[in-house]
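Engineer: can't give you the sequence, but here's the structure:
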């Protein structure tokens, strides 16, 4: 059986001011702040990400002093607004991974999520690092 490699980009957010005990308490509900973003701002961000993504990020994180909450709000917005695109792997077609393309298409793969996350974090002075690796589904066995 032919071995298939799947590439996975894992993002790691590095921030030092978060208390470990607080970070362990994870709110599973999306942050309500994502509901405050207007359709006009979302659409503008998709058309002109260079201009509007910093504005959208600032609006999402305004009045939040805790870095963990900022990161969670950015995460929640991305996972609510951007659909994970599984079809490229099934069809072996083009992958949507560039930040502007992910925003325009409202879908992307793991590296697209990661690039968008890193870009949004940079706008609010949160350091984030991408770590790339290789993953394979459990159903594929070694030869």
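Structural biologist: Arrived safely. It should be emphasised that the depicted structure is a prediction, and the values quoted were computed from it without experimental measurement.
Engineer: and the closest residue to residue 59 other than its chain neighbours, how many residues sit next to it?
Structural biologist: Spatial nearest neighbour of residue 59, chain neighbours left out: residue 37 (6.3 Å); criterion: C-beta to C-beta, 6 or more residues apart in numbering. The C-beta positions use only the backbone N, C-alpha and C, and glycine is treated the same way. Residue neighbour count, defined by other C-beta atoms under 10 Å, stands at 16 for residue 37.
Engineer: Ok, residue 35 next?
Structural biologist: That count, for residue 35 with other C-beta under 10 Å as the rule, works out to 8.
Engineer: Could you do the one 10 residues further on as well?
Structural biologist: Residues contacting residue 45 under the criterion other C-beta under 10 Å number 22.
Engineer: So which residues make contact with the helix or strand where it lies?
Structural biologist: In the assignment (DSSP states H and E), residue 45 maps to helix 39-47. Here helix 39-47 makes contact (C-beta atoms under 8 Å, 6 or more residues apart in numbering) with 51-53, 55-56, 59, 81, 103-104, 106.
Engineer: Redo those as JSON lines? Include neighbour count and distance to residue 131.
Structural biologist: Shown next, in JSON lines, are the contacts of helix 39-47 (neighbours: other C-beta atoms under 10 Å; distance: C-beta to C-beta, whole Å):
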{"residue": "51", "neighbour count": "10", "distance to residue 131": "30"}
{"residue": "52", "neighbour count": "19", "distance to residue 131": "28"}
{"residue": "53", "neighbour count": "20", "distance to residue 131": "23"}
{"residue": "55", "neighbour count": "13", "distance to residue 131": "29"}
{"residue": "56", "neighbour count": "22", "distance to residue 131": "26"}
{"residue": "59", "neighbour count": "16", "distance to residue 131": "29"}
{"residue": "81", "neighbour count": "18", "distance to residue 131": "24"}
{"residue": "103", "neighbour count": "26", "distance to residue 131": "23"}
{"residue": "104", "neighbour count": "14", "distance to residue 131": "26"}
{"residue": "106", "neighbour count": "13", "distance to residue 131": "25"}
